[in-house]
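Asks: got a predicted model here, sequence first, then my questions.
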Amino acid sequence: CNSLDARILTLTQIGIKAISPSIEIVTPAPPGSLHGNRMTALRWEQFLKKLGFLVRISESWSGNKTDLLIALHALRSHQSINLFKKAFPEKPIILIVTGTDLYRDMETHSEVHKSMEIADAIVVLQSAAVHSIPKDQRFKTHVIYQSIKSIKRKALLRKSFLVSVIGHLRPEKDPFCSARALGLLPDESHIRVIHLGKAMSEEMREQAVTYSAQLKRYEWLDECSHKETLNQLSRCHLMVISSFMEGGAHVVSEAIAVGIPVIASDIAGNRGLLGDDYPGYFPVGNEIELAKLLVQAETNLDFYKSLERHIQARKKYVLPEFEMQSIRKLVNSLLK
């Protein structure tokens with residue numbers, strides 16, 4: 001029996017009505033956003049409610065007393081973390097660090113380190129991220145993979161080899177690496193790229209529109225709902241993630257859940273989800289090597305099947321019950 005269940009059972013046995021512990025989840029991503037931080041917050045909220053907790057999500061700490069604060073983003077949620085610990089020093093804090101925390105902001109912003117020091121537990125979303133946590137903070141660091149509900153893969157198109165690129169258009173994603181690679185493909189290739197994601201600047205929007213107009217193999221679909229994004233992903237032969245930095249991209253977990261092979265930039269955030277032995281990595285920002293892998297996946301069935309086998313082997317990490325049990329174990333250990 002876990003500690004929360006034991007508390008409820010004991011109180012019920014002696015005739016006292018149990019009050020579920022309260023949890024506030026802080027994420028800088030606003031309601032309605034499809035940013036990874038908001039998706040993570042919503043998923044944790046769902047799991048924690050199933051486990052019997054009272055949960056609310058806010059963009060910054062509400063100022064209310066709560067039994068546990070869960071904060072996403074060490075830099076952008078630092079003020080919330082700091083204020084909560086000063087107000088309620090005896091109450092625990094879980095910090096879920098992001099890719100920008102680990103691979104960009106930690107070097108230049110002391111707030112990232114301070115948030116880690118204040119937190120009672122640190123969560124990373126893929127195994128390679130542990131190595132980026134300062135050594136004196138690793139003892140309280142936990143890997144909790146992001147899970148995805150079971151999604152059925154659709155029948156593949158026969159006349160084209162469909163590749164998806166999914167993610168908001170911003171510099172750290174290197175969003176047009178796939179578009180650049182298309183110009184290097186042989187004429188006989190049937191590869192087409194569909195690109196889903198909101199342009200985060202006017203410059204990015206102009207580039208997406210230009211590529212869509214100039215490249216017959218490329219189509220930018222702009223921001224789509226999460227349901228439509230999964231629908232588009234599930235009918236693709238392949239997905240490309242070309243980011244310069246990732247903390248553990250949710251879309252990679254989604255591709256694993258569907259069973260879609262991935263061609264990924266060779267960064268820690270991707271290796272932590274796909275494994276060091278995964279055969280589908282290309283050097284960051286290198287559209288020439290990306291183009292070679294795309295052609296190999298299209299024309300070499302053995303290579304394509306090897307990608308599929310590796311993806312299938314990672315499915316156990318993205319099961320919802322696996323993530324929920326990891327969350328329950330961590331939360332109960334802090335609320336004991």
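Replies: Good, I have the coordinates.
Asks: can you spell out which helices and strands pack onto the helix or strand encompassing residue 333?
Replies: Counting by DSSP states H and E, the element that carries residue 333 is helix 320-335. With contacts taken as 3 or more C-beta pairs under 8 Å, 6 or more residues apart in numbering; DSSP states H and E, helix 320-335 sits against helix 3-13, helix 36-50, strand 68-72, strand 93-96, strand 121-124. C-betas here are computed from N, CA, C, even on glycine.
Asks: now do the strands in this structure.
Replies: Using DSSP state E, the strands assigned to the chain run over residues 22-26, 54-58, 68-72, 93-96, 121-124, 141-143, 161-166, 191-196, 218-222, 238-241, 262-265, 281-282.
Asks: what sits up against the last one?
Replies: Contacting residues not belonging to strand 281-282 are listed as 263, 264, 265, 266, 270, 271, 289, 290, 292, 293 [C-beta atoms under 8 Å, 6 or more residues apart in numbering].
Asks: re the thing from before, can you list the strands of the chain in CSV and add mean neighbour count and distance to residue 176?
Replies: Shown next, in CSV, are these (neighbours: other C-beta atoms under 10 Å; distance: least, C-beta to C-beta, whole Å):
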stretch, mean neighbour count, distance to residue 176
strand 22-26, 22, 33
strand 54-58, 16, 33
strand 68-72, 26, 28
strand 93-96, 26, 29
strand 121-124, 23, 28
strand 141-143, 17, 31
strand 161-166, 24, 9
strand 191-196, 22, 8
strand 218-222, 18, 9
strand 238-241, 24, 11
strand 262-265, 25, 13
strand 281-282, 20, 15
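Asks: closest to residue 250 out of those strands?
Replies: Ranking the strands of the chain by proximity to residue 250 (C-beta to C-beta) places strand 161-166 first, at 9.4 Å.
Asks: before we move on, the earlier item: looking at the contacts of strand 281-282, which are in helices?
Replies: Among those, the residues falling in helices (DSSP state H) are 270, 271, 289, 290, 292, 293.
Asks: need those in JSON lines (columns: distance to residue 38, pLDDT and neighbour count).
Replies: Formatted as JSON lines, the ones in helices among the contacts of strand 281-282 follow (distance: C-beta to C-beta, whole Å; pLDDT from 0 to 100; neighbours: other C-beta atoms under 10 Å):
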{"residue": "270", "distance to residue 38": "21", "pLDDT": "95", "neighbour count": "26"}
{"residue": "271", "distance to residue 38": "25", "pLDDT": "95", "neighbour count": "20"}
{"residue": "289", "distance to residue 38": "33", "pLDDT": "98", "neighbour count": "18"}
{"residue": "290", "distance to residue 38": "29", "pLDDT": "98", "neighbour count": "24"}
{"residue": "292", "distance to residue 38": "36", "pLDDT": "98", "neighbour count": "15"}
{"residue": "293", "distance to residue 38": "31", "pLDDT": "98", "neighbour count": "20"}
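Asks: now tabulate those residues in TSV and tack on distance to residue 191.
Replies: Formatted as TSV, the ones in helices among the contacts of strand 281-282 follow (distance: C-beta to C-beta, whole Å):
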residue	distance to residue 191
270	21
271	25
289	15
290	11
292	12
293	11
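Asks: which pair in those spans the largest distance?
Replies: Greatest spatial distance among the ones in helices among the contacts of strand 281-282 (C-beta to C-beta): 271 and 292, at 19.5 Å.
Asks: just to revisit the earlier point, can I get the strands of the chain in TSV with distance to residue 305 and mean pLDDT?
Replies: Shown next, in TSV, are the strands of the chain (distance: least, C-beta to C-beta, whole Å; pLDDT from 0 to 100):
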stretch	distance to residue 305	mean pLDDT
strand 22-26	40	98
strand 54-58	41	97
strand 68-72	37	98
strand 93-96	35	98
strand 121-124	31	97
strand 141-143	29	97
strand 161-166	15	97
strand 191-196	18	97
strand 218-222	26	96
strand 238-241	13	98
strand 262-265	14	98
strand 281-282	17	98
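Asks: now tabulate the ones you listed in JSON lines and tack on distance to residue 39.
Replies: Shown next, in JSON lines, are the strands of the chain (distance: least, C-beta to C-beta, whole Å):
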{"stretch": "strand 22-26", "distance to residue 39": "12"}
{"stretch": "strand 54-58", "distance to residue 39": "11"}
{"stretch": "strand 68-72", "distance to residue 39": "10"}
{"stretch": "strand 93-96", "distance to residue 39": "12"}
{"stretch": "strand 121-124", "distance to residue 39": "15"}
{"stretch": "strand 141-143", "distance to residue 39": "18"}
{"stretch": "strand 161-166", "distance to residue 39": "12"}
{"stretch": "strand 191-196", "distance to residue 39": "14"}
{"stretch": "strand 218-222", "distance to residue 39": "18"}
{"stretch": "strand 238-241", "distance to residue 39": "16"}
{"stretch": "strand 262-265", "distance to residue 39": "18"}
{"stretch": "strand 281-282", "distance to residue 39": "25"}
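Asks: and the ones you listed: which comes nearest residue 301?
Replies: Residue 301 lies closest to strand 161-166 among the strands of the chain, at 12.0 Å (C-beta to C-beta).
Asks: CA atoms only for the closest one, dumped as CSV, please.
Replies: The C-alpha coordinates for strand 161-166 follow below in CSV (Å, rounded to 0.1, in the frame of the first residue of the first chain):
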residue,chain,number,x,y,z
PHE,A,161,7.1,8.7,-48.8
LEU,A,162,5.6,11.0,-46.3
VAL,A,163,7.8,12.7,-43.7
SER,A,164,6.5,14.9,-40.9
VAL,A,165,8.2,17.7,-39.1
ILE,A,166,6.3,18.7,-35.9
